[in-house]
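Asks: model this:
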Amino acid sequence: MRIVSPASPPERSDVECGVRILDGWGLKVEIGAHAFDNFGHYLAGRDEDRLADLNDALRDPDVRAIFSTRGGKGSYRIAHGLDFEAASCNPKPLIGFSDITILHLALWRSCRAIGFHGPHIGWNKGYYGDVAAMRLQQALMEPEHLVIHQEASEISAKVIIPGKARGVLIGGNLNMIGRAIGWACPGFADAILLLEAVDTEIGQIDAVLTQLRRARCTDGLKGVAVGQFIRSAEPKPGKWSVIDVLNDHFSAWGVPVLGGLPIGHGPQPPTVPLGTMATMDTAAGTLTIEPGLV
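Replies: Coordinates of the predicted model:
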């Protein structure tokens, strides 16, 4: 297992906590040479160094999974330079979310690589906890079908267009999907598109959804799985909320939509395979995803 920092710099103590968890599972853990670098205050080292760590992990046949230390900013600066040939010849999952979404998209677009929308190994005990660790271990070491149930407490639970859908689950963080359009973003034909966001204003949500349709990324889309929208356009009197803008866009997409899925930037996140087949049933309120590993 290799730990890398493609985005922002992690806290060393958090990474050490994550390493102890992986060690406890009997895994051999290595840390990339530049995992604790810092450049420009928000990047975990220079672009060439972060990219080198990630490509070294992709090329090393002894590395069976790659863990990001955290999200933040910066993955979009290096996604174009990934060694896609190595990723094709020696497949291995990348685990991470948020800013790491753009790496998942680029790897799927170029070589159909399966990844995991899951917790970073810069492990914050209070935020992730034992539940997230258990889910991560099961996804990697005891893979089975994953069923995510709609939760009424999620803001996006009111976003729903009835129906069933089956397709490859692709997506993740809304802002990263928007940044990928035109160069790293795959088309979503025959896919279920996963969307989640944090600290995103309503205008930005509206802009990305508009761009997706105008760029024809949604042509052939089978369905939309809506995760958590945290601190993002909460309902306010006399103003559109995230519910309003999502419903306004999705009503024109002509596919089933299931909101209220506990996937995103909330605590105790599940580890969700990306690039595997999934089935969505709005009546049952479920998203069922095939294992990412065999």
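Asks: buried residues in stretch 240-255?
Replies: By neighbour count with 16 or more other C-beta atoms under 10 Å, stretch 240-255 contains the buried residues 240-247, 249-250, 253, 255. Yep, even glycine has a C-beta here, placed from its N, CA and C like the rest.
Asks: Where do the helices of this protein begin and end?
Replies: Applying DSSP state H to the chain gives helices spanning 12-24, 47-59, 84-89, 101-111, 129-141, 174-180, 202-214, 242-250.
Asks: just so I know, which of these lies nearest residue 269?
Replies: Judged by C-beta to C-beta, the one of these that comes nearest to residue 269 is helix 129-141, at 5.7 Å.
Asks: and that closest one, which residues are buried?
Replies: 132-133, 135-137, 139-140.
Asks: next one: stretch 116-125
Replies: 116-124.
Asks: What are the structural domain limits within this structure?
Replies: Using automatic domain parsing, the domain parsing of the chain gives 2-141, 146-289.
Asks: Just send the ones you listed back as TSV, with mean pLDDT too.
Replies: Formatted as TSV, these follow (pLDDT from 0 to 100):
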stretch	mean pLDDT
domain 2-141	97
domain 146-289	96
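Asks: now the buried residues of helix 129-141 in TSV, with distance to residue 187?
Replies: Shown next, in TSV, are these (distance: C-beta to C-beta, whole Å):
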residue	distance to residue 187
132	31
133	35
135	30
136	30
137	33
139	26
140	29
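Asks: out of the residues you listed, who's nearest residue 168?
Replies: In terms of C-beta to C-beta, no member of the buried residues of helix 129-141 lies closer to residue 168 than residue 139, at 17.1 Å.
Asks: surely that closest one meets residue 276?
Replies: No. Residue 139 lies out of contact with residue 276 (C-beta atoms under 8 Å); the separation is 10.9 Å.
Asks: Residue 203: neighbour count?
Replies: By other C-beta atoms under 10 Å, 10 other residues sit near residue 203.
Asks: cool, residue 77 as well?
Replies: The number of residues packed near residue 77 is 16, by other C-beta under 10 Å.
Asks: Show the contacting residues for it.
Replies: Counting by C-beta atoms under 8 Å, 6 or more residues apart in numbering, residue 77 makes contact with 43, 47.
Asks: mind running it again at 10 Å?
Replies: Residues counted as contacts of residue 77 (C-beta atoms under 10 Å, 6 or more residues apart in numbering) are 6-7, 43, 46-47, 50-51, 102.
Asks: Residue 12 too?
Replies: 35-36, 69, 122.
Asks: any idea how far it is from residue 88?
Replies: Counting by C-beta to C-beta, to the nearest Å, the gap from residue 12 to residue 88 is 33 Å.
Asks: mind giving me CSV with the helices of the chain and columns for distance to residue 163?
Replies: Formatted as CSV, those follow (distance: least, C-beta to C-beta, whole Å):
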stretch, distance to residue 163
helix 12-24, 39
helix 47-59, 38
helix 84-89, 34
helix 101-111, 24
helix 129-141, 27
helix 174-180, 22
helix 202-214, 19
helix 242-250, 12
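Asks: hang on, isn't residue 231 packed against residue 197?
Replies: Yes. Assessed by C-beta atoms under 10 Å, residue 231 is found in contact with residue 197 at 9.0 Å.
Asks: list residues touching both of the two?
Replies: Common contacts of residue 231 and residue 197 (C-beta under 10 Å, 6+ apart): residue 265.
Asks: and these two? which has more neighbours close in?
Replies: A count of neighbours by other C-beta under 10 Å puts residue 197 above the other of residue 231 and residue 197, at 28 against 13.
Asks: for this structure, which strand is longest?
Replies: In the chain, with assignment by DSSP state E, the single longest strand is strand 164-173.
Asks: quick one: buried residues of that strand?
Replies: 165, 167-173.
Asks: partners of it in the sheet?
Replies: Strand pairing for strand 164-173, using DSSP bridges, gives strand 191-198 (parallel), strand 277-281 (antiparallel).
Asks: how distant is that strand from the center of its chain?
Replies: Distance of strand 164-173 from the chain centroid (C-alpha atoms, centre = their mean, to the nearest Å) equals 12 Å.
Asks: what does stretch 112-119 give?
Replies: In terms of C-alpha atoms, centre = their mean, the centre of stretch 112-119 is found 7 Å from the chain centre.
Asks: Now it - C-alpha only, PDB.
Replies: Extracted in PDB, the C-alpha atoms of stretch 112-119 (Å, rounded to 0.1, in the frame of the first residue of the first chain):
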ATOM      1  CA  ARG A 112     -11.500   2.700 -17.000                       C
ATOM      2  CA  ALA A 113      -9.700   2.400 -13.700                       C
ATOM      3  CA  ILE A 114     -11.900   1.500 -10.600                       C
ATOM      4  CA  GLY A 115     -11.400   3.700  -7.500                       C
ATOM      5  CA  PHE A 116     -13.100   4.400  -4.200                       C
ATOM      6  CA  HIS A 117     -14.800   7.500  -3.000                       C
ATOM      7  CA  GLY A 118     -13.700   6.900   0.600                       C
ATOM      8  CA  PRO A 119     -11.900   8.400   3.500                       C
END
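Asks: Appreciated, that's everything.
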